[in-house]
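Enquirer: what follows is a protein structure lacking sequence information:
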(Lines give C-alpha, C1' and ligand atoms only; values in the text may rest on other atoms or scores of the structure.)
Protein backbone atom coordinates (compact mmCIF):
# COMPACT_ATOMS: atom_id res chain seq x y z
CA UNK A 1 0.00 0.00 0.00
CA UNK A 2 1.23 3.45 -0.83
CA UNK A 3 1.54 6.37 1.52
CA UNK A 4 -1.27 8.13 -0.39
CA UNK A 5 -3.58 5.14 0.10
CA UNK A 6 -2.87 4.89 3.81
CA UNK A 7 -3.19 8.66 4.24
CA UNK A 8 -6.57 8.74 2.51
CA UNK A 9 -7.86 5.89 4.67
CA UNK A 10 -6.56 7.51 7.85
CA UNK A 11 -8.10 10.88 6.96
CA UNK A 12 -11.56 9.39 6.48
CA UNK A 13 -11.17 7.21 9.58
CA UNK A 14 -10.31 10.30 11.61
CA UNK A 15 -13.66 11.74 10.54
CA UNK A 16 -15.31 8.58 11.84
CA UNK A 17 -13.52 8.90 15.18
CA UNK A 18 -15.06 12.35 15.67
CA UNK A 19 -18.57 10.88 15.79
CA UNK A 20 -19.91 10.45 19.32
CA UNK A 21 -19.83 6.76 20.32
CA UNK A 22 -18.42 5.96 16.87
CA UNK A 23 -17.46 2.43 17.84
CA UNK A 24 -21.00 1.42 18.73
CA UNK A 25 -22.67 3.55 16.03
CA UNK A 26 -20.47 2.36 13.17
CA UNK A 27 -20.20 -1.19 14.51
CA UNK A 28 -23.97 -1.64 14.78
CA UNK A 29 -24.50 -0.25 11.26
CA UNK A 30 -21.74 -2.47 9.90
CA UNK A 31 -23.17 -5.63 11.44
CA UNK A 32 -26.71 -4.75 10.38
CA UNK A 33 -25.45 -4.48 6.82
CA UNK A 34 -23.49 -7.72 7.14
CA UNK A 35 -26.51 -9.57 8.54
CA UNK A 36 -28.66 -8.29 5.66
CA UNK A 37 -26.07 -9.20 3.01
CA UNK A 38 -24.92 -12.46 4.59
CA UNK A 39 -27.74 -13.91 6.73
CA UNK A 40 -25.52 -16.87 7.65
CA UNK A 41 -23.43 -14.45 9.75
CA UNK A 42 -26.35 -14.04 12.17
CA UNK A 43 -25.86 -17.61 13.36
CA UNK A 44 -22.30 -16.74 14.46
CA UNK A 45 -23.88 -14.50 17.10
CA UNK A 46 -26.54 -16.94 18.21
CA UNK A 47 -29.37 -15.40 16.20
CA UNK A 48 -31.57 -17.49 13.94
CA UNK A 49 -30.73 -17.07 10.28
CA UNK A 50 -34.16 -15.54 9.68
CA UNK A 51 -33.82 -12.93 12.48
CA UNK A 52 -34.52 -9.37 11.36
CA UNK A 53 -31.19 -7.51 11.46
CA UNK A 54 -33.10 -4.32 12.29
CA UNK A 55 -35.10 -5.84 15.15
CA UNK A 56 -34.89 -4.72 18.75
CA UNK A 57 -33.79 -8.26 19.70
CA UNK A 58 -30.69 -7.98 17.53
CA UNK A 59 -29.87 -4.31 18.07
CA UNK A 60 -30.21 -4.49 21.86
CA UNK A 61 -28.26 -7.72 22.28
CA UNK A 62 -25.27 -7.15 24.54
CA UNK A 63 -23.25 -9.66 22.52
CA UNK A 64 -24.11 -7.87 19.27
CA UNK A 65 -23.25 -4.41 20.64
CA UNK A 66 -20.07 -5.59 22.34
CA UNK A 67 -18.77 -7.33 19.22
CA UNK A 68 -19.81 -4.41 17.00
CA UNK A 69 -17.76 -2.03 19.15
CA UNK A 70 -14.90 -4.52 19.35
CA UNK A 71 -14.73 -4.84 15.56
CA UNK A 72 -14.45 -1.07 15.16
CA UNK A 73 -11.73 -1.02 17.84
CA UNK A 74 -9.88 -3.74 15.92
CA UNK A 75 -10.15 -1.76 12.68
CA UNK A 76 -8.90 1.30 14.54
CA UNK A 77 -5.91 -0.64 15.91
CA UNK A 78 -5.11 -2.18 12.53
CA UNK A 79 -5.20 1.18 10.78
CA UNK A 80 -2.89 2.66 13.39
CA UNK A 81 -0.39 -0.14 12.69
CA UNK A 82 -0.22 0.45 8.94
CA UNK A 83 3.21 1.54 7.90
CA UNK A 84 6.06 0.88 10.33
CA UNK A 85 4.23 -1.84 12.28
CA UNK A 86 2.90 -3.68 9.23
CA UNK A 87 4.88 -6.89 9.86
CA UNK A 88 3.53 -7.10 13.41
CA UNK A 89 0.04 -6.34 12.09
CA UNK A 90 0.37 -9.19 9.59
CA UNK A 91 1.25 -11.61 12.40
CA UNK A 92 -1.73 -10.40 14.45
CA UNK A 93 -4.10 -10.74 11.49
CA UNK A 94 -2.86 -14.25 10.70
CA UNK A 95 -3.59 -15.26 14.29
CA UNK A 96 -6.94 -13.49 14.27
CA UNK A 97 -7.91 -15.24 11.05
CA UNK A 98 -7.02 -18.60 12.61
CA UNK A 99 -9.20 -17.80 15.65
CA UNK A 100 -12.14 -16.91 13.44
CA UNK A 101 -12.17 -20.44 12.01
CA UNK A 102 -13.37 -21.64 15.43
CA UNK A 103 -16.18 -19.10 15.35
CA UNK A 104 -17.41 -20.35 11.98
CA UNK A 105 -16.29 -17.38 9.90
CA UNK A 106 -15.69 -18.45 6.30
CA UNK A 107 -13.32 -16.85 3.79
CA UNK A 108 -16.20 -15.85 1.51
CA UNK A 109 -17.61 -13.65 4.28
CA UNK A 110 -14.64 -11.27 4.16
CA UNK A 111 -15.44 -9.58 0.81
CA UNK A 112 -19.03 -9.04 1.98
CA UNK A 113 -17.74 -7.48 5.21
CA UNK A 114 -15.49 -5.18 3.17
CA UNK A 115 -18.40 -3.91 1.08
CA UNK A 116 -20.46 -3.45 4.25
CA UNK A 117 -17.60 -1.46 5.78
CA UNK A 118 -17.49 0.86 2.77
CA UNK A 119 -21.28 1.27 2.86
CA UNK A 120 -21.10 2.05 6.58
CA UNK A 121 -18.46 4.71 5.98
CA UNK A 122 -20.52 6.24 3.18
CA UNK A 123 -23.68 6.26 5.30
CA UNK A 124 -22.09 7.47 8.53
CA UNK A 125 -19.72 10.17 7.32
CA UNK A 126 -20.68 13.50 5.77
CA UNK A 127 -21.76 13.50 2.14
CA UNK A 128 -18.74 13.46 -0.10
CA UNK A 129 -16.34 12.17 2.56
CA UNK A 130 -15.93 8.89 0.72
CA UNK A 131 -14.83 10.03 -2.70
CA UNK A 132 -14.19 7.49 -5.45
CA UNK A 133 -10.46 7.71 -4.63
CA UNK A 134 -11.13 7.19 -0.91
CA UNK A 135 -13.35 4.22 -1.72
CA UNK A 136 -10.56 2.65 -3.80
CA UNK A 137 -8.10 3.30 -0.97
CA UNK A 138 -10.40 1.65 1.56
CA UNK A 139 -10.99 -1.35 -0.71
CA UNK A 140 -7.25 -1.79 -1.26
CA UNK A 141 -6.53 -1.50 2.46
CA UNK A 142 -9.37 -3.75 3.57
CA UNK A 143 -8.49 -6.36 0.93
CA UNK A 144 -4.88 -6.46 2.16
CA UNK A 145 -5.92 -6.85 5.80
CA UNK A 146 -8.58 -9.44 4.97
CA UNK A 147 -6.11 -11.39 2.82
CA UNK A 148 -3.90 -11.89 5.89
CA UNK A 149 -6.84 -13.12 7.94
CA UNK A 150 -7.92 -15.49 5.18
CA UNK A 151 -4.35 -16.77 4.91
CA UNK A 152 -4.44 -17.43 8.68
CA UNK A 153 -7.67 -19.37 8.22
CA UNK A 154 -6.20 -21.45 5.41
CA UNK A 155 -3.09 -22.27 7.45
CA UNK A 156 -5.24 -23.51 10.34
CA UNK A 157 -7.43 -25.61 8.06
CA UNK A 158 -4.39 -27.05 6.30
CA UNK A 159 -2.69 -27.98 9.59
CA UNK A 160 -5.84 -29.63 10.98
CA UNK A 161 -6.14 -32.07 8.08
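Expert: In hand now; what should we look at? From a predicted model like this one, the values you see are computed outputs, not experimental measurements.
Enquirer: can you pull out the helices in this protein?
Expert: When secondary structure is read from DSSP state H, the chain shows helices at 3-17, 22-37, 56-59, 62-81, 86-103, 109-124, 132-159.
Enquirer: in the helix or strand bottoming out on mean pLDDT in the chain, what's buried?
Expert: Least confident helix or strand, the chain: helix 56-59 with a mean of 90, by mean pLDDT, DSSP states H and E. By neighbour count, and taking 16 or more other C-beta atoms under 10 Å as the criterion, the buried residues in helix 56-59 are residue 58. From N, CA and C alone the C-beta is placed, and that goes for glycine too.
Enquirer: and what of stretch 21-38?
Expert: Applying 16+ other C-beta under 10 Å to stretch 21-38 flags 22-23, 25-35, 38 as buried.
Enquirer: swap in stretch 77-89?
Expert: Of the residues in stretch 77-89, those buried under the neighbour-count criterion (16+ other C-beta under 10 Å) are 78-79, 81-82, 89.
Enquirer: end-to-end on that stretch?
Expert: Counting by C-alpha to C-alpha, to the nearest Å, you get 9 Å between the two ends of stretch 77-89.
Enquirer: all set, thanks.
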